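[1] Quick one, structure for this:
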Amino acid sequence: MLERKHHALLDEAARRGLPSVDDIGLCFQLLSLANAIDRDCAARLAPRQLSEGKFVLLFLLHDQADGLSPHELADGAGVTRATVTGLLDGLERDGFVLREPGKEDRRKITVKLTAKGKTAAAKLFKEHTDWIGSLFGGLASRDKARLSELLALVWRGTDTGRAALREVA
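    Okay, the predicted model is just below:
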């Protein structure tokens, strides 16, 4: 289940007799799983000329009859405005979205889904969420709850997790 690069690092950690070799192995298992999910996600979206980033924008725009501004999309997707601009360029080129200038201020842009975008967003959201849900379908409810607790515990040990916890406090 580990990626080749992880095997090499884990083998070296074992060779050096590091006491944390089991913990390193768990980290590499988690990273390998995350990478496998990312690759599968990309493979599922690619036939529709979509990346995960583009899919997220379609999802954010779904059910937004009045559309959203590029900065609202950037905030919602957790990416920079420059990244959103590139994603929107591709979505617009492929006919999923259109950018409309504001009526009073033409500098203010609103992004809306086209008919093609609405159809794709609705269909893909169902397909994608069903697929993601199926990844954990083999786990009992109590196992899912425990896995969630364990992942949260590990997350709190990361620099990012600690920083987020300090912000809340």
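
[2] May I ask you to name the longest helix in the chain?
    helix 21-45 (DSSP state H).

[3] Give me the contact list for that one.
    With C-beta atoms under 8 Å, 6 or more residues apart in numbering as the test, helix 21-45 has contacts from 1-3, 6, 9-10, 13-14, 18, 51-52, 54-55, 124, 127-128, 131, 135, 154. For every residue, glycine as well, the C-beta is placed using N, CA and C.

[4] quick one: average confidence on the helix or strand encompassing L91?
    Taking DSSP states H and E as the definition, one finds L91 inside helix 81-93. Averaged across helix 81-93, pLDDT comes to 96.

[5] Can you give me the buried ones in it?
    Buried residues in helix 81-93, counted by 16 or more other C-beta atoms under 10 Å: V84, L87, L88, G90, L91.

[6] ok, for the residue positioned nearest the centre of the chain, nearest residue in space, not its chain neighbours?
    What sits nearest the mean C-alpha location of the chain, by C-alpha atoms, centre = their mean, is E52, with 6.4 Å. Once flanking residues are discounted, E52 sits nearest to C41: 5.6 Å by C-beta to C-beta, 6 or more residues apart in numbering.

[7] What separation do you get for that neighbour and R4?
    21 Å (C-beta to C-beta, to the nearest Å).

[8] what about the two, which has more around it?
    A side-by-side neighbour count of C41 and R4, using other C-beta atoms under 10 Å, places C41 first with 16 against 7.

[9] just to revisit the earlier point, buried ones among the contacts of helix 21-45?
    Among those, those buried by neighbour count (16+ other C-beta under 10 Å) are H6, L10, A13, S51, K54, F55, L124, H128.

[10] hmm, which two among these are most spread apart?
    Using C-beta to C-beta, those reach their maximum pairwise distance at A13 and L124, which is 40.5 Å.

[11] Doesn't D63 lie inside a helix?
    No: D63 is assigned coil when assessed by DSSP: H, G, I helix; E, B strand; the rest coil, not a helix.

[12] This protein - how does it break down into domains?
    What automatic domain parsing lists as the domains of the chain is 1-48, 49-135.

[13] Tell me which of those domains lies nearest to R162.
    Going by C-beta to C-beta, the one of the domains of the chain nearest R162 is domain 1-48, 16.5 Å.
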